[in-house]
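Undergrad: Below are the sequence and a predicted model; questions follow.
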4 protein chains.
Amino acid sequence: MKELDDKKSRLLSAAKEVLAEKGLEKATISDIVKRAGMAQGTFYLYFSSKNALIPAIANDLLQTMLHKIKKEQVLSDDIWSFFHKMITVTFQVTNSYKEVLSLCYSGLAIDNTLSEWDRIYNPYYSWLAEIIAKGIEQKAIRQDVDPLVAARMVIGLIESSAEQIYLFNKLDKPLPEHQQDLFTFIHHALEHR
Amino acid sequence: MKELDDKKSRLLSAAKEVLAEKGLEKATISDIVKRAGMAQGTFYLYFSSKNALIPAIANDLLQTMLHKIKKEQVLSDDIWSFFHKMITVTFQVTNSYKEVLSLCYSGLAIDNTLSEWDRIYNPYYSWLAEIIAKGIEQKAIRQDVDPLVAARMVIGLIESSAEQIYLFNKLDKPLPEHQQDLFTFIHHALEHR
Amino acid sequence: MKELDDKKSRLLSAAKEVLAEKGLEKATISDIVKRAGMAQGTFYLYFSSKNALIPAIANDLLQTMLHKIKKEQVLSDDIWSFFHKMITVTFQVTNSYKEVLSLCYSGLAIDNTLSEWDRIYNPYYSWLAEIIAKGIEQKAIRQDVDPLVAARMVIGLIESSAEQIYLFNKLDKPLPEHQQDLFTFIHHALEHR
Amino acid sequence: MKELDDKKSRLLSAAKEVLAEKGLEKATISDIVKRAGMAQGTFYLYFSSKNALIPAIANDLLQTMLHKIKKEQVLSDDIWSFFHKMITVTFQVTNSYKEVLSLCYSGLAIDNTLSEWDRIYNPYYSWLAEIIAKGIEQKAIRQDVDPLVAARMVIGLIESSAEQIYLFNKLDKPLPEHQQDLFTFIHHALEHR
DNA sequence: TATGAATGAGTGTTCATTCAT
DNA sequence: AATGAATGAACACTCATTCAT
């Protein structure tokens, strides 16, 4: 059991590296198993196909992010400092994973595995929606905000900002200032007045 | 000259259809030229490679959107009603092009043609930044807003919302309400107080 | 010992089923052991390779046929009624095994295991040759007939007729009439005058 | 048009050679195109798959045989000398093509392309049936013979005899004597008395 | 004996691209 | 400019077989 998981996660790691280096089209299964130190066939014991890697990596990525954000959540006194941390962490993870991130988007188009993405992102949305709901209760957040819709907007906004910076190198002012702009945007958008 | 352009746009149309139906990987040049009613070799008179299609399609898509938004801009009395129109149009275009849109993201990962995307999106960002700058001058928008950063955030936010709805079918309330939520979010985020 | 034989015959049965359903190329060892309820490796304790299945199945098939025909032989009064029974039984067995039969032919081409086939068919030929020889002695059959050559011709003729009917569905008159035509053909061909 | 046919028949010839030497499983498309002096992809312009070769070869083989037999038919004075020639030609062709012949049988089992075989053999059966029908009219052949059934039996008998000799090397007397035995068998089986 | 995870050689097939016409 | 036959490199995937347990 442990060994199985070990093999699978070794493959996943190798895949992330190779895909980051070569891109989805140019990366071959041969490359991946070579890096993982296994035989070709072994790959297919753990993944049904090359394309099956993408959702697996995306899931791994989001889990990492969620884990880090939840850790920060505990330490946050109020909801606004939590949003601040959320921005910081999202930017960090986006930066670390930037090579793989675009692959995840591209995975979309390979097969239309939209339902997979749903399954992966849904817990993130729901969890943030709850936090926002609490913020509404505590009169920190506008009363007319729909928690789930807001959750999706906030996540979409932070991620698209991070991508513009790290994928497209659109950083034309110091990072802290940029993050501050983003926080202010969200703060004003949601705060109770 | 005209005929050339005609062939090129026929190829582009055919490509959009085929790509929407089959996805980037499964769509073949053969499919595309067959639908366009031409020979294999003709494709290469107008596009340097298969991958060169993606930026071409993306450009086409953004031009369509920009054209429509600019038309609305003229008719808008104030900046807020303009944002409202911008949301509506972006949603419309996203819906029309939803099959092709994810391809554009995927194009990212094929080659790292990020610079292409830059070239395509930059005019859109700059143009909106100017509008926001005017809004700041007119005291409609917060004085501490950075126009270019805000422009990117607004565009990213609207597009990610539209994608969540049309690509992932995340529409759990009537569309007008959803658009209203989005507008309110942006309005609060930017308005001068 | 009994268990071994049990396992081996369970594998053989499973193989016959799977091969009949999928054909030689598409049937996998994995399919076969799964149906037999064993592990991959177990197969190789009883058969040296995948191709070794074919002669084993062919042998099984011919043994079945021989067994049935010999039972009828005992009950036959004269050689002609024996031929009649032989036709009936060959048709029956061909029908029962039709899915596997073509595999046996195909086995031929995989490796050139012609000698295997020899070993399997020879007893059948020799046995029928003896019966024909007796028929000659008894002046029932032409005196100038070569028993072994005739045996092969009769077996080849009956089998090819049965195959045309059951493999190729070439049955354009009632089965009894068809069998009667075949019997008459053989009867005239061999009878003493 | 001519060139196309040329390429296809060059591929067919190369395929016959390679398949005869290596057997169906071991022969690779690469072997075949190399021998034909073309590129891999060219093969697929003329044959949809590797397996599509088998019916093509079988057809070629039967056409050759039919052509030769029909030529002899014209020269034959009576039906019995025609049968004699038919035996000789079938034996010759079986001998020339013996390596490929078993492949044709094996083709059966690969896919269940029985209908293909039907299409290929039917003209042969029909044509012989007509000749037998004439023989019946001319009182050379038994009046109670069903021409089509007899045609199939005769062809099946001659072919199975030839195969036993050339594929299984079951030649235990001089060839002319063997052919004479076969002819006598058929003669007695069909002759009018 | 029995297992089944691991292996890795082996090949059919695809398709973007070219180029002679 | 337009064609479309020909190319051939490139790769995902399969599956018979092995062997440590």
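TA: On my side now, so go ahead.
Undergrad: Report the contact partners of the residue most central in space within chain A.
TA: By C-alpha atoms, centre = their mean, chain A has its centre lying nearest to A:Leu62, at 3.9 Å. By C-beta atoms under 8 Å, 6 or more residues apart in numbering or on different chains, A:Leu62 lies in contact with A:Ile120, A:Tyr121, A:Tyr124. From N, CA and C alone the C-beta is placed, and that goes for glycine too.
Undergrad: any idea how far A:Gln92 lies from B:Leu45?
TA: For A:Gln92, the distance to B:Leu45 equals 47 Å [C-beta to C-beta, to the nearest Å].
Undergrad: can you tell me the helix or strand for the residue nearest to the centre of chain A?
TA: Element membership for A:Leu62, per DSSP states H and E: helix A:53-75.
Undergrad: Show me which parts of that helix are buried, residue by residue.
TA: By neighbour count on 16 or more other C-beta atoms under 10 Å in any protein chain shown, the buried set for helix A:53-75 is A:53-62, A:65-66, A:68-69, A:73.
Undergrad: and the residue of chain A found nearest DNA strand E, helix, strand or coil?
TA: Residue nearest to DNA strand E within chain A (C-beta to the nearest atom of the strand): A:Gly41, separated by 1.6 Å. Assigned by DSSP: H, G, I helix; E, B strand; the rest coil, the conformation of A:Gly41 is helix.
Undergrad: and it, what pLDDT?
TA: Note for A:Gly41: predicted pLDDT of 95.
Undergrad: Now for it, how many residues are close by?
TA: 8 (other C-beta atoms under 10 Å in any protein chain shown).
Undergrad: same question, A:Asn95
TA: 14.
Undergrad: Test my guess that it contacts A:Tyr166.
TA: Yes. Taking contacts as C-beta atoms under 8 Å, A:Asn95 lies within contact range of A:Tyr166: 4.9 Å.
Undergrad: and after the helix holding A:Leu62, which helix or strand comes next?
TA: Next helix or strand after helix A:53-75 toward the C-terminus (DSSP H and E): helix A:79-96.
Undergrad: got the domain boundaries for chain A?
TA: Taking automatic domain parsing as the reference, chain A has its domains at A:1-50, A:54-190.
Undergrad: C:Asp6 is nearest to which of the ones you listed?
TA: domain A:1-50 (30.6 Å; C-beta to C-beta).
Undergrad: quick one: that closest one near chain B?
TA: Yes. Counting by C-beta under 8 Å from any C-beta of the partner chain, contacts between domain A:1-50 and chain B involve A:Gly23, A:Leu24, A:Glu25.
Undergrad: Which members of these are classed as buried?
TA: Buried subset of the residues of domain A:1-50 next to chain B (neighbour count, 16+ other C-beta under 10 Å): A:Gly23, A:Leu24.
Undergrad: Now the residues of domain A:1-50 next to chain B in JSON lines, please, with extra columns for distance to A:Cys104, pLDDT and secondary structure.
TA: As requested, the residues of domain A:1-50 next to chain B are exported to JSON lines (distance: C-beta to C-beta, whole Å; pLDDT from 0 to 100; DSSP: H, G, I helix; E, B strand; the rest coil):
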{"residue": "A:Gly23", "distance to A:Cys104": "13", "pLDDT": "82", "secondary structure": "helix"}
{"residue": "A:Leu24", "distance to A:Cys104": "10", "pLDDT": "83", "secondary structure": "helix"}
{"residue": "A:Glu25", "distance to A:Cys104": "15", "pLDDT": "84", "secondary structure": "helix"}
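Undergrad: following the helix or strand of chain A with the lowest mean pLDDT, which helix or strand comes up?
TA: In chain A, the helix or strand scored least confidently by mean pLDDT, DSSP states H and E is helix A:98-110, which has a mean of 69. Moving toward the C-terminus from helix A:98-110, the next helix or strand (DSSP H and E) is helix A:114-137.
Undergrad: average pLDDT for that following helix?
TA: In this model, helix A:114-137 has a mean pLDDT of 90.
Undergrad: What lies in contact with it?
TA: Here helix A:114-137 has contacts from A:55, A:58-59, A:62, A:65-66, A:70, A:73, A:79, A:82, A:108, A:141-143, A:145, A:147-148, A:150-152, A:154-155, A:190, B:167-169, using C-beta under 8 Å, 6+ apart.
Undergrad: run the last query once more with 6 Å
TA: With C-beta atoms under 6 Å, 6 or more residues apart in numbering or on different chains as the test, helix A:114-137 has contacts from A:55, A:58-59, A:62, A:66, A:79, A:141, A:147-148, A:150-152, B:168.
Undergrad: Ok, stretch A:152-170 next?
TA: Contact with stretch A:152-170 is made by A:87, A:90-91, A:94-95, A:98, A:125, A:171, A:182, B:114, B:152, B:156-157, B:160, B:164, B:185, as judged by C-beta under 6 Å, 6+ apart.
Undergrad: Write the ChimeraX selection for whichever of these are buried.
TA: Per 16+ other C-beta under 10 Å, the buried members of the contacts of stretch A:152-170 correspond to this ChimeraX selection:
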select /A:87,90,91,94,125,182 /B:152,156,157,160,164,185
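Undergrad: with the buried residues of helix A:53-75 in mind, which one is nearest to chain B?
TA: Checking the buried residues of helix A:53-75 against chain B by C-beta to the nearest C-beta gives A:Ile54 as the nearest, at 9.6 Å.
Undergrad: That closest one and chain C: what is the separation?
TA: Counting by C-beta to the nearest C-beta, to the nearest Å, the separation of A:Ile54 from chain C is 27 Å.
Undergrad: And A:Thr42, by the same measure?
TA: A:Thr42 sits 15 Å away from chain C, taking C-beta to the nearest C-beta as the criterion.
Undergrad: A:Ser30 too?
TA: 23 Å.
Undergrad: Kindly report the same for A:Thr28.
TA: Distance, A:Thr28 to chain C, by C-beta to the nearest C-beta: 25 Å.
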